[in-house]
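Visitor: just a sequence and a predicted model for now, questions to come.
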Amino acid sequence: MSRPHQPLNQQQQQQLVWQIGHALATPLPPGWQQMRVEYRAAGRHVEIDLLVTGQDGLPRPVQPSPEAVQLLGNLRTGMYQPGRGTWLSAILVYGSATVLGTDFLLDVEPPWRQAPPPIGFQDELRFFPRAEQYIPSWFRQRAGLEPAQPAELLVATPPAETPEALKSPRVYDGVDESGRPVVDREPLSPAERDRVLEYLDGAPVVLASRTYDADAFEPDREPLVPLNFRTDGRWYWPGAVAYYLREHDVAPDPELLTHIRALRFTLPEVGEPERELAVAAITGQPSS
């Protein structure tokens, strides 16, 4: 059974890192110079090492407080990304009055004192589910899983030679009885989301209006959905695609997303002929 996850935003994560530092420092005698805590976990298996550097400049191991251990676990849970998992190890370094550094590793095997048994990694996948592509080979082996199947070869859409050959995505997957949009798509990881947005926003605008459309997911909001179209010479898409990804984490049409991934998020060169084809496809007028 999966644990409930309450995702933390960036500000909440930073606040929790400060709380962890306070919980680690409270039992210590005054005069310490630096704390370095390393937290490693897989399922219910948890290891934690705390080194405290005193005024003599020598780091010494210290038993962390139960409160600090609990807060570290809360941070790990709160940083879970659906389908991506959460970090398996973290290193937090504190000075006497500041956070000196943080490092969170999702896919690298931690330097265990004692490697968890297979059930630890199986529990990890139950508590923090990962999509197949985000389970490292070493993790699969530790968990006793079958080797991953070869990834399906991604193929980009070829350049269009006619307006009819240009493809256009679905903005969402349908509407419910009340007319609200319905989406049935896997969310993107934050890192991939940024790369997809860079691709979508980087393509040239071929048609645009000075007005904005209403947000289909939040109709009461001020209209901010761009009424424009962009193209990469293979696809053309409305500004709503990037808007809903940015504002509501709605991934693009899976076919367009596969195309972008196949191009390794690199926008092709788009010249005047490609722009004219897109305008013709959008307006239904023949290209010159």
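Guide: Thanks, I have it.

Visitor: in stretch 13-29, what counts as buried?
Guide: Buried positions in stretch 13-29, judged by neighbour count with 16 or more other C-beta atoms under 10 Å: Gln13, Leu16, Val17, Ile20, Gly21, Ala23, Leu24, Ala25. (Glycine included, C-beta is placed from N, CA and C.)

Visitor: chain center to it: distance?
Guide: With C-alpha atoms, centre = their mean, to the nearest Å as the basis, stretch 13-29 stands 26 Å off its chain's centre.

Visitor: contacts for it, please.
Guide: 8, 32, 35, 37, 50, 52, 62, 64-65, 67-68, 71-72, 74-75, 78-79, 92, 94, 99, 102 (C-beta atoms under 8 Å, 6 or more residues apart in numbering).

Visitor: swap the cut-off to 10 Å and go again
Guide: If you take C-beta atoms under 10 Å, 6 or more residues apart in numbering as the criterion, stretch 13-29 is touched by 7-9, 32, 35-37, 39, 50, 52, 54, 62-72, 74-75, 78-79, 90, 92-99, 102, 104.

Visitor: now swap in stretch 106-115 and tell me
Guide: Against stretch 106-115 from outside (C-beta under 10 Å, 6+ apart): 38-42, 45, 47-49, 79, 81, 84-90, 116, 120-121, 128, 130, 134-136, 138-139, 141-142, 189.

Visitor: show me the buried residues of stretch 13-29 that map onto helices.
Guide: Secondary structure from DSSP state H places Gln13, Leu16, Val17, Ile20, Gly21, Ala23, Leu24, Ala25 of the buried residues of stretch 13-29 in helices.

Visitor: between those, which sits nearest Thr211?
Guide: Using C-beta to C-beta, Gln13 is the member of these that sits closest to Thr211, with 37.8 Å.

Visitor: contacting residues around the closest residue in space to Gly43 that isn't next to it in sequence?
Guide: What sits nearest to Gly43 in space, not counting adjacent residues and going by C-beta to C-beta, 6 or more residues apart in numbering, is Asp123, at 2.8 Å. Contact analysis of Asp123 by C-beta under 10 Å, 6+ apart lists Arg3, Ala42, Gly43, Arg44, His45, Pro116, Pro117, Ala143.

Visitor: tell me which helix or strand Asp123 sits in.
Guide: helix 118-127 (DSSP states H and E).
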